[in-house]
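Engineer: next come a sequence and a model predicted from it.
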Amino acid sequence: MTRVAALQMTSSADVGRNLATAGRLLREARERSAVIAALPENFAFMGHDEADKRAIAEDDAGGPIQSEIAGLARDLGLWIVAGTVPLRVPGEPRVAAACLVFDAEGRRVARYDKIHLFDVAIPGREERYQESASVRPGQEPVCVATPAGRLGLAVCYDLRFPELFRRLVDLGAEWFCLPSACTAPTGRAHWETLLRARAIENFCHLVAPAQSGFHENGRETHGDSMLVDCWGRVLARLPRGSGVVVAEIDLVRQREVRQNFPSL
């Protein structure tokens, strides 16, 4: 079994402050014996407007945010799933919302660009989003080998597209990580239900680090970071606020469940 942590934050438009908070939470995760820790979507920057992320976007080859996370991974001896980092796209004014994975030596070992973008009007509220105006959608699902088994990467709104998760299982995924900044109304309605459904239908553990609370831009995110096992049981959760939740990924039990229920 491998201990994995989900980190919950209330990020702001101050990159330095956000990285300091991320560093504190990553150290706490390591002190609680986590081998892998996952940061939420937009962990380093929640701007006043979606387009603001262009100003702090980094090249794929590296930048201050990536260097900081790589250094923390190396110093702590900790694998890190780095939520999303805005990366420049050559010849394109929009950025990629890139979920990056760093190993315990600080090497970047995977990049997944968020495929499904949040272009949504929240029912019953004057709340609209058009993520595709500032973010270029990704094209390819990504799996990567980790100490906790093969990890399938997804981000926030991807949760509503079960086809992606089944494709990740086809690529060998044994657990999923879903960094998120879920809106409060949709989170209250669907967050836990969909997380547990994706875990159950694929017999995969799922780790969901989230943004939580009220941000400088007036947006409220749902929080409720959690770790769900391959049977759909919630192993650990943090309803609100900033903090760390830790649980174990048990691949032996997962193999037993998949053998007894051959639905894949």
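Structural biologist: That came in fine, so what should we check first?
Engineer: would you map the helices across the stretch 101-250 of the chain?
Structural biologist: Assigned by DSSP state H, counting those that start in this stretch, the helices in the stretch 101-250 of the chain fall at 162-170, 184-186, 192-202.
Engineer: mind putting these into a markdown table with mean pLDDT?
Structural biologist: Converted to a markdown table, the helices of the stretch 101-250 of the chain look like this (pLDDT from 0 to 100):
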| stretch | mean pLDDT |
| --- | --- |
| helix 162-170 | 98 |
| helix 184-186 | 91 |
| helix 192-202 | 98 |
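Engineer: can I get those in JSON lines including distance to residue 143 and mean neighbour count?
Structural biologist: Where you see a C-beta, it was placed from the backbone N, CA and C, and this is true even at glycine. Shown next, in JSON lines, are those (distance: least, Cβ to Cβ, whole Å; neighbours: other Cβ atoms under 10 Å):
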{"stretch": "helix 162-170", "distance to residue 143": "6", "mean neighbour count": "17"}
{"stretch": "helix 184-186", "distance to residue 143": "27", "mean neighbour count": "18"}
{"stretch": "helix 192-202", "distance to residue 143": "13", "mean neighbour count": "19"}
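Engineer: which residues of the stretch 1-150 of the chain fall in strands?
Structural biologist: According to DSSP state E, counting those that start in this stretch, the stretch 1-150 of the chain carries its strands in the segments 2-8, 36-39, 79-89, 92-102, 108-113, 119-121, 128-130, 143-146, 149-153.
Engineer: and of the ones you listed, who's closest to residue 49?
Structural biologist: strand 128-130 (11.1 Å; Cβ to Cβ).
Engineer: which helices and strands sit right next to the closest one?
Structural biologist: Applying 3 or more Cβ pairs under 8 Å, 6 or more residues apart in numbering; DSSP states H and E, we find strand 128-130 packed against strand 119-121.
Engineer: where does the prediction get shaky in the chain?
Structural biologist: The model of the chain has no residue with pLDDT under 70.
Engineer: nearest spatial neighbour of residue 253, skipping sequence neighbours?
Structural biologist: Nearest non-adjacent residue to residue 253, counting by Cβ to Cβ, 6 or more residues apart in numbering: residue 230, 6.8 Å away.
Engineer: any idea how far the most centrally placed residue in the chain is from residue 22?
Structural biologist: Central residue of the chain (Cα atoms, centre = their mean): residue 179, 1.6 Å from the mean position. To residue 22, residue 179 is 12 Å away according to Cβ to Cβ, to the nearest Å.
Engineer: quick check: neighbours shared by the two?
Structural biologist: When contacts are counted by Cβ atoms under 8 Å, 6 or more residues apart in numbering, residue 179 and residue 22 have 39, 43 as shared neighbours.
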